[in-house]
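Peer 1: here is my input, please return the structure:
(2 chains)
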Amino acid sequence: MKKNFAKLITHTILIIVSIMSIFPFVWLISTSLKGSGENIFAYPPIMIPQDFTFENYTGVWHKVNLLGYFINSMIVAAGTVLLNLILSSLAAYPLARMEFRGKKITFFAILATIMIPFQAIMLPVYLITIKLHLIDSVNNLAGYIGLIIPFAVSAFGIFLMRQAFLSIPREMEEAAIVDGCNVFQIFWKVLLPMVKPSLAVLAIFTFIGSWGEFLWPSIILTKESMYTLPVGVNNLQGMFSSNWRYIAAGSIISIIPIIIFFLSMQRYFISGENEGAIKG
Amino acid sequence: MFKYYGKYTPYMFLLPAGLVLVIFFFIPFFHTVVLSFQDYTNSIYSPDFAGLNNYIDLFKNPIFYKVLANTFIYLIVAVPILATIPLFLAILINQKIRGITLYKILIYLPVIVSIVVAAIAFKWLYAEQGILNYIVTALGFNAIGWLTNPKWSLYSVIIVTIWKGIGYYMMIYLAALMSVPKELYEACDIDGASFIKKHLTVTIPHIMPTIALVVTISSISAMKVFAEIYVMTKGGPLDSSKTIVYYIYERAFENLDLGYASALAVVLLIIVMAFSLINILCFERKKYQL
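Peer 2: From the prediction side, this is the model:
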């Protein structure tokens, strides 16, 4: 009896918190499905649309280049993920497995970058990026590179990969040397395949971070055609000032891809196995 | 094991990452400090040496203190909530009950979705004639200017940050809870200890390091908030929701006052680096194998 009561309370609390977690989105969806014949400011508020319509979705889709923003976000996220995987594992390998002069200093220098918030150094990063002509006013490719390159590698990624390499038994390399592999073949053909789980974790967390990034693109971008999703969605507010049906529809469209990604990869996020992978 | 790599091989592996870190972290870091001693108000191309003038301007400006106070309020409101409620939820979810995966997915959803969409969604909830004001008036209170009243705006934005962080910290706690030995709970059950007593005597002491970790990382991220403020209030009304990163952004990219903005950035750097140092030395030694 007492046990059932405790369970009931647990479920009640978790259901309330779950509803609070998704309610802002649900309310946005509700608004986005209401036609022009319905007052979206009605008191009391009405959850189920009375004048149900998809017009807001088709309207915002035709007026705003959401597909373009999506493609831009994909290019930037894919480029950021790819560079992070390559640069982090390349840098992590010698830190885990080789002896060389300056190893300690390199190690602490990388660790130090964890303490430097991007927000504090963004101004010089901006000046450097412009000086290197990595900006969309030069051409689109330069624009993409400028969006990606400041986040091409992170100390988080390097340390994650270093941990992964440290856990591989040294016998693996010895066997490869006996087989006549050189150091690059050992890295590429022997070690990298063994750290795939860590690469997957790094890829997923880098993807989420890059996909949601707002500050940097909103500073560096000059052309509307180069907007990523967060910048484009924020821009909806200015375009449709008080047309909340369109703003809501555009916002909901913009989160569909990441929700699909999350649901298909959910075990990486909510299994609790990735304690070491949680980004600080 | 004999050395199977050349003398310069390690450096070749480090070079690509090293280049990015030098150009986009270390040079900007020192450049920020240099900029903070320069005056760009006469010309954006040929700055004058300003000595400590930017810092003097900063410490004389009442907005700076307002911004620091706002950032401080952000910390003392958001951090305690983010350190406790997710822990409580993690304890609830760490039981053998139905629907755990669904609860986790729903509570984690805000973490995944872009902060821009989250801020827009809340802006809609906070609208003058929005659904929250309906609830408030239905309960017999006056409607609240969530984002338009200087008394409320900062707290309205903090609510979004908290809402978006709960799932994230809950997962950190959940991972820590799995490491608490089950026998200790069994011993509690035999002694007939209550739910509260069980967790106060077993869980909390066991995961103290994780609680401290959550406190420091949520503090660091509270000091870095930008998007919520940019999307919802632009720091207003009357600077009431302006925090340090938004102020840096405004001075650097809207007023083009690079020197002043950099002096601000140095203040942010010092505060965040102090917190990070505590974090790394005390709680994350294992992660970096120090």
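Peer 1: so which residues on the stretch 151-290 of chain B come close to chain A?
Peer 2: Contact residues (C-beta under 8 Å from any C-beta of the partner chain) of the stretch 151-290 of chain B with chain A: B:163, B:166-167, B:171-172, B:174-176, B:178, B:195, B:217, B:220, B:223-224, B:226-227, B:230-231, B:245, B:248-249, B:252-253, B:258, B:261-262, B:265-266, B:268-269, B:272-273, B:276-277, B:279-280, B:284, B:287-289. (Glycine included, C-beta is placed from N, CA and C.)
Peer 1: among these, name the ones in strands.
Peer 2: Among these, none falls in strands (DSSP state E).
Peer 1: could you list the low-confidence segments of chain B?
Peer 2: Low-confidence segments of chain B (pLDDT under 70): B:1-2, B:43-44, B:287-290.
Peer 1: so in it, which helix runs the longest?
Peer 2: helix B:62-93 (DSSP state H).
Peer 1: any idea which helix or strand comes after that helix?
Peer 2: Following helix B:62-93 in sequence order, the next helix or strand is helix B:100-112 (DSSP states H and E).
Peer 1: run the chain-centre distance for that next one.
Peer 2: Distance, stretch centre to chain centre, for helix B:100-112: 20 Å (C-alpha atoms, centre = their mean, to the nearest Å).
Peer 1: tell me the first helix or strand C-terminal of that helix.
Peer 2: helix B:115-125.
Peer 1: buried set for that next one?
Peer 2: B:115-125 (16 or more other C-beta atoms under 10 Å in any protein chain shown).
Peer 1: try stretch A:122-133
Peer 2: Neighbour-count burial for stretch A:122-133 [16+ other C-beta under 10 Å]: A:122-126, A:128-129.
Peer 1: need the contact list for B:Val157.
Peer 2: B:147, B:225, B:228-229, B:232-233, B:241 (C-beta atoms under 8 Å, 6 or more residues apart in numbering or on different chains).
Peer 1: should've said A:Thr206
Peer 2: A:80-81, A:84-85, A:154, A:157.
Peer 1: recalculate using a threshold of 7 Å.
Peer 2: A:80-81, A:84 (C-beta atoms under 7 Å, 6 or more residues apart in numbering or on different chains).
Peer 1: picking that back up, quick one: which of the buried residues of helix B:115-125 is nearest A:Pro230?
Peer 2: B:Val116 (4.2 Å; C-beta to C-beta).
Peer 1: quick check, the closest one in contact with A:Leu236.
Peer 2: No. The criterion here is C-beta atoms under 7 Å, and B:Val116 misses it with A:Leu236 at 9.6 Å.
Peer 1: wait, does the helix or strand harbouring A:Met122 contact chain B?
Peer 2: Element membership of A:Met122 [criterion: DSSP H and E] is helix A:118-131. Yes. Interface with chain B: helix A:118-131 contributes A:119-121, A:123-125, A:128 (C-beta under 7 Å from any C-beta of the partner chain).
Peer 1: okay, how far is it across stretch A:94-107, tip to tip?
Peer 2: 11 Å (C-alpha to C-alpha, to the nearest Å).
Peer 1: buried residues in that stretch?
Peer 2: A:94-98, A:100, A:106-107.
Peer 1: got a list of contacts for it?
Peer 2: Against stretch A:94-107 from outside (C-beta under 7 Å, 6+ apart): A:162, A:165-166, B:5, B:10, B:13-14.
Peer 1: low pLDDT regions in the stretch 151-280 of chain A?
Peer 2: Using pLDDT under 70, the flagged stretches of the stretch 151-280 of chain A are A:272-280.
Peer 1: for the helix holding A:Met122, C-alpha coordinates in CSV please.
Peer 2: Taking C-alpha atoms only, helix A:118-131 is exported to CSV below (Å, rounded to 0.1, in the frame of the first residue of the first chain):
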residue,chain,number,x,y,z
PHE,A,118,34.6,31.9,-26.5
GLN,A,119,32.4,34.8,-25.5
ALA,A,120,35.4,36.6,-24.0
ILE,A,121,37.7,36.3,-27.0
MET,A,122,35.1,36.5,-29.8
LEU,A,123,36.1,40.1,-30.8
PRO,A,124,39.7,39.2,-31.8
VAL,A,125,38.4,35.9,-33.3
TYR,A,126,36.1,38.1,-35.4
LEU,A,127,38.9,40.4,-36.4
ILE,A,128,41.2,37.5,-37.3
THR,A,129,38.5,35.7,-39.4
ILE,A,130,37.9,38.9,-41.4
LYS,A,131,41.6,39.4,-41.9
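Peer 1: tilt between the helix or strand following that helix and helix A:118-131?
Peer 2: Where DSSP H and E defines the elements, the next helix or strand beyond helix A:118-131 is helix A:140-148. In terms of direction (axes from the mean of the first three to the mean of the last three C-alpha atoms, to 10 degrees), helix A:140-148 departs from helix A:118-131 by 160 degrees.
Peer 1: could you say what helices and strands helix A:140-148 packs with?
Peer 2: helix A:66-97, helix A:215-220 (3 or more C-beta pairs under 7 Å, 6 or more residues apart in numbering or on different chains; DSSP states H and E).
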